[in-house]
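Q: need coordinates for the below:
(chains A and B)
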Protein chains: 2
Amino acid sequence: MAYELYYWDGLQGRGEFVRLALEDAGADYLDVARTTDGSEKMMNYLKGSQAYPDLPFAPPFLRDGEIVVSHVANILHYLGPKLGLAPDDERLRVFAQGLQLTITDFVAEVHDTHHPISTGDYYEDQKPEAKARTKAFLAQRVPKFLGYFDGVIGSNPTGEGWAVGGAITYVDLSLFQIAEGLTYAFPRAMASLDSRYPNVARLRDAVGKRPRVAAYLKSDRRIAFNENGIFRHYPELDEDPA
Amino acid sequence: MAYELYYWDGLQGRGEFVRLALEDAGADYLDVARTTDGSEKMMNYLKGSQAYPDLPFAPPFLRDGEIVVSHVANILHYLGPKLGLAPDDERLRVFAQGLQLTITDFVAEVHDTHHPISTGDYYEDQKPEAKARTKAFLAQRVPKFLGYFDGVIGSNPTGEGWAVGGAITYVDLSLFQIAEGLTYAFPRAMASLDSRYPNVARLRDAVGKRPRVAAYLKSDRRIAFNENGIFRHYPELDEDPA
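A: From the prediction side, this is the model:
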C-alpha cells in the first residue's frame, strides 16, 4: 500500500524534506493534499475528527496503513530504515536523528526570519523586525549551523562525503534542501556558501545528481520555491555575505 | 554504568525534560556540568574535540556508554523504553514522539518570547519586540498548543489521564514541565490554565504527586526557575488571560 503524505498544497515547506526521501527511494506515495478532496481529508485530521491517536498537531504527517506519524524528523526516523536511508548501526542511527533535529531547529529559525513576531500576521506587518532578525540570522546563525554541518561531513571517517556513515541517509537529502532553500531565499548572502562550506556544497551537488532526485526536481511534483513556504525570497532581507 | 547528562549548569532549560524522565524512573545518572570540571568536559564536545560521531550541536546530550544522543526528543525516544516511560505499541510510540516534537516546537516559541530578534543579544536589547511576540504567543499560540494537548489527553480512550496509552510516558513528564514553566513565566495569563485546560491541569497535578518526582522537586538537584532558562518571568511581558 502506498504511503500517504499529508502536507499543504502549493508549497514545499516542511513537507519537502519528506518528499525528497520518498522520491530518492522511489517509494510509492500519494501527496494527498494535491489529490481531489485531499485538502479536506487533511483538514479532517487537523480538526481532530479522526479517532485517537490519529491526531497530528500540524502537517506534515504520514500515514502508513494503521500508523500515523507526525513531524518531519519523526517521519524520517520511521521511514529511514524502510527506504534504505538510515544507517543500520544504532550509534549512527541515533546520530542521524540528532542531526535531523538540528535541521528542524534551523528550519524554524529560517521561518522566523520572515515571521519574527507572529505567525498569525503577514510578513508585511513585521518587516522591520524581520530585517533585524534576518541580519542576526545571516551573521550568526547560518555560520553556526552550516559550519557545524560542514564539520560533521568533513570529519566523517568514511570520506564518502555524506553526513552519516558511508552511504546517503535522509539527513543528506535534508541538507540538500537546506542549501537550495537558503540560496533561493538569500542569494547575495549565500554567494559564499560554496567557498565557506565546501563539504555542504559537494554534498548538495552529489544529492542533486542522483537520478531519482534529478528526475523529481524536473517533474511537476516538485513545487517551485515561493513566498508561501519556509524559504522566501524577499530581496530587502538579503545581505552581503558576513 | 550511569547515564551521563550534559547540560548547562545553573538553569533548567531543555535539560529539565530529560532530568524529569531520569528522576521519575529512579535512573542512575550524572548531571555532568554540575560535577568538578564537568562544564569543561561538556565544552570539549561542543568544540568538536571528540571523535566522530560524538559531535552534538548543542546541549542537552546524553552519553550511554558508546552512544551519544542529542536533542531532547531524541534522548527521550532513546531512553523511554529503557526507563519504562514509552508505550510498547509502535503506533502509540510513534504518536508519543510526535507529541514530544510538538512540545519541542512549543518550547522554541517560549524561548523566542524573550529573544524574538537574536539569541546573541540580551533580552534588554529586544524588549519592544519581545512584548509584541509575547502578546501574540499568549493570545494565539498558547491556546493552540495547550488546547491541542488538552484535547489529546481528553480523547485518550484509556481514561487514565495521561497523553499516550494507559500509563505515564515521557510526554506527560514534559507536559508537567510545560505547565509549571508557563505558570512561572506568565502567572497572570496562566491564571486561567486550570479552568481552560482541565486535562492538562490534572495531568500536571498527577505528575507532581509521583513520589520520585515530588522528592526530586524538593531536592537541590531541581534548579529553581530563573531568568537564564527557557521560561523567564519578566512581569512586563505578562498579560491578562486571553
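Q: tell me the mean pLDDT for the lengthiest helix in chain A?
A: Using DSSP state H, we find that the single longest helix of chain A is helix A:90-114. Averaged across helix A:90-114, pLDDT comes to 98.
Q: most remote residue from chain A's center?
A: Checked against the mean C-alpha position of chain A, the extreme residue using C-alpha atoms, centre = their mean is residue A:51, at a distance of 28.6 Å.
Q: so for it, what's the pLDDT?
A: Per-residue pLDDT puts residue A:51 at 95.
Q: ok, now the one 3 residues further on?
A: At residue A:54, the pLDDT value in this model is 97.
Q: once you drop chain neighbours, what's closest to it?
A: residue A:68 (4.5 Å; C-beta to C-beta, 6 or more residues apart in numbering or on different chains). All C-beta spots, glycine's among them, are computed from the backbone N, C-alpha and C.
Q: okay, the helix or strand harbouring that neighbour in CSV with CA atoms only?
A: Taking DSSP states H and E as the criterion, residue A:68 maps to strand A:67-70. Taking C-alpha atoms only, strand A:67-70 is exported to CSV below (Å, rounded to 0.1, in the frame of the first residue of the first chain):
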residue,chain,number,x,y,z
ILE,A,67,0.3,4.2,11.7
VAL,A,68,0.1,8.0,11.5
VAL,A,69,3.5,9.7,12.0
SER,A,70,3.8,13.4,12.5
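Q: domain map for chain A?
A: Using automatic domain parsing, the domain parsing of chain A gives A:3-83, A:90-237.
Q: check contacts around residue A:60.
A: Contact partners of residue A:60, counting by C-beta atoms under 8 Å, 6 or more residues apart in numbering or on different chains, are A:5, A:6, A:7, A:13, A:14, A:15, A:18, A:70, A:71, A:72, A:75.
Q: phi, psi of the third one?
A: Phi and psi for residue A:7, reported as degrees, to the nearest 10, are phi -160, psi 150.
Q: and the second one, by the same measure?
A: Backbone dihedrals for residue A:6, given as degrees, to the nearest 10, come out at phi -110, psi 120.
Q: cool, and the first one?
A: Recorded main-chain torsions at residue A:5 are phi -100, psi 130, according to degrees, to the nearest 10.
Q: that one contacts residue A:17, correct?
A: No: using C-beta atoms under 8 Å, residue A:5 is not in contact with residue A:17, being 10.8 Å away.
Q: more neighbours, these two?
A: Neighbour totals were compared for residue A:5 and residue A:17, and residue A:17 leads with 27 against 23 (other C-beta atoms under 10 Å in any protein chain shown).
Q: can I get whichever strand or helix holds that one in CSV, CA atoms only?
A: Per DSSP H and E: residue A:17 is located in helix A:15-24. Provided in CSV are the C-alpha atoms of helix A:15-24 (Å, rounded to 0.1, in the frame of the first residue of the first chain):
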residue,chain,number,x,y,z
GLY,A,15,6.8,18.5,3.6
GLU,A,16,9.6,18.8,1.1
PHE,A,17,12.1,17.1,3.5
VAL,A,18,9.8,14.0,3.4
ARG,A,19,9.1,14.2,-0.3
LEU,A,20,12.8,14.1,-1.1
ALA,A,21,13.3,10.9,0.9
LEU,A,22,10.3,9.2,-0.7
GLU,A,23,11.4,10.4,-4.2
ASP,A,24,15.1,9.4,-3.8
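Q: surely residue A:39 touches residue A:33?
A: Yes: Residue A:39 is in contact with residue A:33 according to C-beta under 8 Å; the separation is 4.8 Å.
Q: neighbour count for the two, which is higher?
A: Using other C-beta under 10 Å as the criterion, residue A:39 and residue A:33 rank with residue A:33 on top: 21 against 16.
Q: name the SS class of the more buried one, please.
A: helix (DSSP: H, G, I helix; E, B strand; the rest coil).
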